[in-house]
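J.: any chance you could fold what I've pasted below:
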Amino acid sequence: MKRLAYQGCAVISIAVAGGAIGVYGVSPATLAMALVLVLCPVLVVWLTVCPARRTTLARGAAPR
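T.: Take a look at the predicted model:
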């Protein structure tokens, strides 16, 4: 359930970043804000997926 919440938050953040560019147009400040809004959820999803994969590998699952 926690993972689903993180992924939902990531989708909302990406939508807000796209909406900000659509509403305010393309400018350096808008692009910087959109970049921050996109990087945060990407890092959150990355940090939730990678430890889960390491745990699976540590339990004896065959690496892919």
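
J.: for Gln7, give me its contacts.
T.: Gln7 makes contact with Val45 under the criterion C-beta atoms under 8 Å, 6 or more residues apart in numbering. Placement of C-beta: from N, CA and C, glycine included.

J.: look up how far Tyr24 lies from it.
T.: Going from Gln7 to Tyr24 by C-beta to C-beta, to the nearest Å gives 26 Å.

J.: swap in Leu35?
T.: Leu35 sits 14 Å away from Tyr24 when distances are taken as C-beta to C-beta.

J.: same check on Pro51?
T.: Applying C-beta to C-beta to Pro51 and Tyr24 gives a distance of 36 Å.

J.: could you pick out the longest helix of the protein?
T.: Longest helix of the chain, by residue count under DSSP state H: helix 28-58.

J.: show the average pLDDT along that one.
T.: Taken as a whole, helix 28-58 has an average pLDDT of 76.

J.: begin at 17, not 1, for the rest of this chat.
T.: Right, with 17 as the first residue, what we last looked at is helix 44-74.

J.: that helix packs against which elements?
T.: Under the contact criterion of 3 or more C-beta pairs under 8 Å, 6 or more residues apart in numbering; DSSP states H and E, helix 44-74 touches helix 18-40.

J.: chain center to the helix it packs on: distance?
T.: Relative to the chain's own centre, helix 18-40 is displaced by 8 Å; criterion: C-alpha atoms, centre = their mean, to the nearest Å.

J.: now that helix and helix 44-74, what's the angle there?
T.: Counting by axes from the mean of the first three to the mean of the last three C-alpha atoms, to 10 degrees, helix 18-40 lies at 160 degrees to helix 44-74.
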